[in-house]
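**Student:** Need coordinates for the below:
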Amino acid sequence: MNNPYLQEELLKMSGVNPKKCMKCGKCSATCPAYDEMEYHPHQFVSMVNSGDIEPLMKSQSLYKCLSCFACIERCPRGVEPAKLVEAVRLAVIKKQGQNHLKADAVPTMLDEDTPQQLLVSAFRKYSK
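**Tutor:** I've put the predicted structure just below:
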């Protein structure tokens, strides 16, 4: 089911123009999480462009994206798939009214190599 309002909201949140995509697949070819993802970066772009967003919102691919921006660097047309993934992820969190990171869970994830900036970024992203 296509939801034009959701599509418009995702495009506004991400600032991405998926119509620029020429489906070359370079973004997916460079993705380090490719094997872990049900929907790959080029598919995110195509599905958002066509308005087929519900399957993306139910996919675990949202949480496999590393947000490393390798897909953005490789795109010859300046499409930014990682920003679309992030926008869909935030839409899911907003829809659920809950976060995927709870403060009580943080101590179990820590070790001496965990950068503090990771924690700050995670709380900014997932505690609103």
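
**Student:** all contacts plus neighbour counts: C-alpha atoms, from now on.
**Tutor:** Noted.

**Student:** And the pLDDT at the residue lying farthest from the centre of the chain?
**Tutor:** Here the chain reaches farthest from its C-alpha mean at E112, the gap being 27.4 Å by CA atoms, centre = their mean. With respect to pLDDT, E112 scores 80.

**Student:** Distance of Y34 relative to L66?
**Tutor:** 10 Å (CA to CA, to the nearest Å).

**Student:** I should have written M37 there, sorry.
**Tutor:** Counting by CA to CA - M37 and L66 are separated by 11 Å.

**Student:** Relative to T114, how far out is V120?
**Tutor:** The gap separating V120 from T114 is 11 Å, by CA to CA.

**Student:** Check which residues of the helix ranked longest in the chain are buried.
**Tutor:** The helix spanning the most residues in the chain, taking DSSP state H as the definition, is helix 81-96. Of the residues in helix 81-96, those buried by neighbour count under the rule 16 or more other CA atoms under 10 Å are 81-93.

**Student:** what's the closest of the residues you listed to A70?
**Tutor:** The shortest approach to A70 among the buried residues of helix 81-96 belongs to A82, at 8.5 Å (CA to CA).

**Student:** Below-threshold pLDDT in the chain: ranges please.
**Tutor:** The model of the chain has pLDDT under 70 over residues 1, 97-103, 123-128.

**Student:** I appreciate the help and will end here.
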